[in-house]
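Novice: return atomic coordinates for the entry below.
(one chain, ligands or ions: 3)
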Amino acid sequence: MDLINSKSSILGSKLRGCGVDRSNSNSKAVVLDSRNGFVKFLSNSSPSVMENKGNSQLKIVTGDAGFVLEDVPHLTDYIPDLPTYPNPLQDNPAYSVVKQYFVNDDDTVAHKIVVHKNSPRGTHFRRAGPRQKVYFESDEVRACIVTCGGLCPGINTVIREIVCGLHHMYGVTRVLGIEGGYRGFYSRNTITLTPKVVNDIHKRGGTTLGTSRGGHNTKKIVDSIQDRGINQVYIIGGDGTQQGAAVIFEEIRRRGLKVAVGGIPKTVDNDIPVIDKSFGFDTAVEEAQRAINAAHVEATSCDNCIGLVKLMGRYSGFIAMYATLASRDVDCCLIPESPFYLEGAGGLFEYIEKRLKENGHMVIVIAEGAGQELLCESLRSTDQKDASGNKLLQDVGLWISQRIKDYFSKQTKMAINLKYIDPTYMIRAVPSIASDNVYCTLLAQSAVHGAMAGYTGFTVGPVNGRHAYIPFNRITETQNRVVITDRMWARLLSSTNQPSFLSSKDVIEANKEEEPPTQLLDDNYPDKKLINTDT
Ligand SMILES: Nc1ncnc2c1ncn2[C@@H]1O[C@H](COP(=O)(O)OP(=O)(O)OP(=O)(O)O)[C@@H](O)[C@H]1O
Ligand SMILES: O=P(O)(O)OC[C@H]1O[C@](O)(CO)[C@@H](O)[C@@H]1O
Ligand SMILES: [Mg+2]
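Specialist: Ligands and ions are numbered 1, 2, ... in the order given. The predicted structure follows:
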């Protein structure tokens, strides 16, 4: 049976034409009930919606048995009677052999795939992929690509594949690169991107366009888009960037421009919710293995030696957790989500002492955002922020190294050696590994298909293995974080044998987490206590 019945399919197409309240673009959600055709507007004042998304109109379609589609905007929501054209892919020899190449307009992807027999069908997102009809003629398209935020392996691959996808699949020849992040829209010249120009860039780390933090001036950015005649904007970046993209989309819609805005989520920390995993994450974990191996070699080469590795992960400890699980040489992994303490029974110092007595060496992996509350207690908190407003963290690696050395020199008779390895940018400045390259290609192509089909205000990404168009608010309202009462973290504790450092109060707090993590491995689902109540 189709996920959407025929009634809701008719309503789905009606939604584009008439479901949007243009008279008041603030705080409204369009709700269509496929069972009775009832249309209502929801207030967008739920506490989970962050303030700068107050203008977002949520497009929600409800159906039988608790089916909910959290849809993305379409150009026809605010520009009626746009002409459509046959998708040029149907004449493309490479694609015409594919049976059922085009995605059915009504296909959706389920947010949660573990269900019980009485569960409602739950939240769905619009399936990504090429549509039979497109809303742009090939020679009408003027696309641009911008990259913002920190680096991540695979950005160049995404840029390459957007350019090549537009060119080879849709015959689009005019693609501009915006240099230096958002501020590049109004402070830098553009560069012309052709398949030839981008041919080799996926073999290099970084972003060929350059990036920056801060500098998001919505008016100037949209003026620049309008002045240059750009009508497709591809924005590659993390949570901050996607918030910026949401604001750009709102301004474009307010001005009534035929400009599609598509986000491609980028974060080496894997902190973006809903999607299964962010591109470049596997590459970073792979690269982190080198640092952990070095720490292990050092630690096993002299008596009572500790190899300590600090890895990226500002608010989410996924890199540290997966690098630890993959390595098997790690005795202790510390992440922002799991509070720990140093002294006394069950504390870190006691565990290190025990391990050194048992093995004569140990390896510790610490995520950069771990233990920040302990640092604040012992160092004066600086409250410094970067240009985008992200908190600048104190160096937990150096701090904990010193605390461990102090403990052993002052409170025990054990002489220790500590080798601190901080690979920092080395894990994210590398080119992406093969699997990330393929993933980046699919992301880029899904974004291109979405924009050509007239969708806008979307972020693209895999949800349970299927690419989907996800509304910006879903991506920006929360962060993906490790759930320490999940089985994955239990696997880690069992592989390292480290104490959980958790008091019963911590467990209660952890269970209050609203959103379970998105799926990184096929069975990374929260236990019963954490089942998300919104599905
Ligand atoms: N709420 C916001 N509204 C508008 N623009 C924003 C917002 N938050 C961030 N930005 C802009 O997005 C860009 C990137 O943001 P940021 O530096 O936080 O990186 P990011 O995209 O979160 O990537 P990462 O955290 O993975 O490095 C910056 O130019 C910043 O000004
Ligand atoms: O590039 P910057 O500004 O030094 O930022 C580093 C931060 O970027 C990230 O790599 C991604 O957000 C974090 O892990 C890290 O804290
Ligand atoms: Mg960020």
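
Novice: quick one: residue 314 from residue 144, how far?
Specialist: Separation of residue 314 from residue 144 (C-beta to C-beta, to the nearest Å): 28 Å. For glycine as for every other residue, the C-beta is placed from the backbone atoms N, C-alpha and C.

Novice: any idea how far ligand 1 is from the spatially closest residue to residue 472 that is not a sequence neighbour?
Specialist: Leaving aside its sequence neighbours, residue 472 sits nearest to residue 246 (C-beta to C-beta, 6 or more residues apart in numbering; 3.8 Å). Distance of residue 246 to ligand 1, given as C-beta to the nearest ligand atom, to the nearest Å: 8 Å.

Novice: my guess is residue 246 contacts residue 456. True?
Specialist: No: the criterion here is C-beta atoms under 8 Å, and residue 246 misses it with residue 456 at 11.0 Å.

Novice: and for the residue lying closest to residue 355 once chain neighbours are set aside, the neighbour number?
Specialist: Nearest residue to residue 355, sequence neighbours excluded (C-beta to C-beta, 6+ apart): residue 362, at 4.4 Å. Residues near residue 362, counting by other C-beta atoms under 10 Å, number 28.

Novice: can you check residue 451 too?
Specialist: The burial count for residue 451: 30, using other C-beta under 10 Å.

Novice: which of the helices or strands spans it?
Specialist: Per DSSP states H and E: residue 451 is located in helix 434-452.

Novice: so how far is the helix or strand just after that helix from its chain's centroid?
Specialist: Following helix 434-452 in sequence order, the next helix or strand is strand 458-463 (DSSP H and E). Chain-centre distance of strand 458-463: 9 Å, with C-alpha atoms, centre = their mean, to the nearest Å.

Novice: for strand 458-463, which positions count as buried?
Specialist: 458-463 (16 or more other C-beta atoms under 10 Å).

Novice: now these in JSON lines, with distance to ligand 1?
Specialist: Converted to JSON lines, the buried residues of strand 458-463 look like this (distance: C-beta to the nearest ligand atom, whole Å):
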{"residue": "458", "distance to ligand 1": "16"}
{"residue": "459", "distance to ligand 1": "12"}
{"residue": "460", "distance to ligand 1": "15"}
{"residue": "461", "distance to ligand 1": "14"}
{"residue": "462", "distance to ligand 1": "18"}
{"residue": "463", "distance to ligand 1": "20"}
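
Novice: which of those sits closest to residue 187?
Specialist: residue 459 (25.4 Å; C-beta to C-beta).

Novice: wait, doesn't that closest one sit right on residue 244?
Specialist: No: Residue 459 is beyond contact range of residue 244, at 12.0 Å (criterion: C-beta under 8 Å).

Novice: any idea how far ligand 2 is from the closest residue to residue 127 other than its chain neighbours?
Specialist: Using C-beta to C-beta, 6+ apart and skipping residues adjacent in sequence, the residue nearest residue 127 is residue 107, 3.8 Å away. Here residue 107 is placed at a distance of 33 Å from ligand 2 (C-beta to the nearest ligand atom).

Novice: was I right about residue 107 contacting residue 128?
Specialist: No: the pair residue 107 / residue 128 is not scored as a contact, 9.3 Å apart, by C-beta under 8 Å.

Novice: circling back to that earlier point, higher neighbour count, residue 314 and residue 144?
Specialist: Under the neighbour definition other C-beta under 10 Å, residue 314 and residue 144 were set side by side, and residue 144 has more, 25 against 20.

Novice: so what's that one bridging to?
Specialist: residue 176, residue 233 (DSSP bridges).

Novice: tell me the contacts of it?
Specialist: 175-178, 190, 225, 228, 230, 232-234 (C-beta atoms under 8 Å, 6 or more residues apart in numbering).

Novice: and the strands in the stretch 301-450 of the chain?
Specialist: 305-311, 332-334, 361-367, 417-421 (DSSP state E, counting those that start in this stretch).

Novice: let me have these in JSON lines, adding distance to ligand 1 as columns.
Specialist: Formatted as JSON lines, these follow (distance: least, C-beta to the nearest ligand atom, whole Å):
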{"stretch": "strand 305-311", "distance to ligand 1": "15"}
{"stretch": "strand 332-334", "distance to ligand 1": "21"}
{"stretch": "strand 361-367", "distance to ligand 1": "14"}
{"stretch": "strand 417-421", "distance to ligand 1": "22"}
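
Novice: which of these sits most buried?
Specialist: Stretch with highest mean neighbour count among those: strand 361-367 (a mean of 28; mean count of other C-beta atoms under 10 Å).

Novice: contacts for that strand, please.
Specialist: Counting by C-beta under 8 Å, 6+ apart, 292, 295-296, 299-300, 304-313, 317, 319-320, 323-324, 327, 329-336, 352, 355-356, 396-397, 400 sit against strand 361-367.

Novice: from those, which would you call buried?
Specialist: 292, 295-296, 299, 304-313, 317, 319-320, 323-324, 327, 329-336, 352, 355-356, 396-397, 400.

Novice: distance of the residue with the largest distance to the centre of the chain from residue 303?
Specialist: The outermost residue of the chain relative to its centre, with distances by C-alpha atoms, centre = their mean, is residue 413 at 46.9 Å. Remark: distance between residue 413 and residue 303 (C-beta to C-beta) = 14 Å.

Novice: likewise for residue 229?
Specialist: 69 Å.

Novice: could you do residue 447 as well?
Specialist: 54 Å.

Novice: neighbour-wise, which of these two wins?
Specialist: Just comparing residue 447 and residue 303: by other C-beta under 10 Å the higher neighbour count belongs to residue 447, 32 against 11.

Novice: could you report the pLDDT at the more buried one?
Specialist: As predicted, residue 447 sits at a pLDDT of 98.

Novice: could you do residue 454 as well?
Specialist: 98.

Novice: run through the stretch 301-450 of the chain and note the low-pLDDT ranges.
Specialist: Within the stretch 301-450 of the chain, the stretches with pLDDT under 70 are 379-382.

Novice: residue contacts, whichever residue of it sits closest to ligand 2?
Specialist: Residue nearest to ligand 2 within the stretch 301-450 of the chain: residue 312 (3.5 Å; C-beta to the nearest ligand atom). Contact partners of residue 312, counting by C-beta under 8 Å, 6+ apart, are 268-269, 284, 319, 367-368, 424, 427-428.

Novice: please apply the same query to residue 315.
Specialist: Contacts of residue 315 (C-beta under 8 Å, 6+ apart): 269, 271, 336, 369, 479, 481.

Novice: what would the residues you listed look like in a markdown table with distance to residue 240?
Specialist: Output for these, formatted as a markdown table (distance: C-beta to C-beta, whole Å):
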| residue | distance to residue 240 |
| --- | --- |
| 269 | 12 |
| 271 | 11 |
| 336 | 18 |
| 369 | 16 |
| 479 | 11 |
| 481 | 16 |
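
Novice: top of those residues by neighbour count?
Specialist: Highest count within the contacts of residue 315 by other C-beta under 10 Å belongs to residue 269, 30 neighbours.
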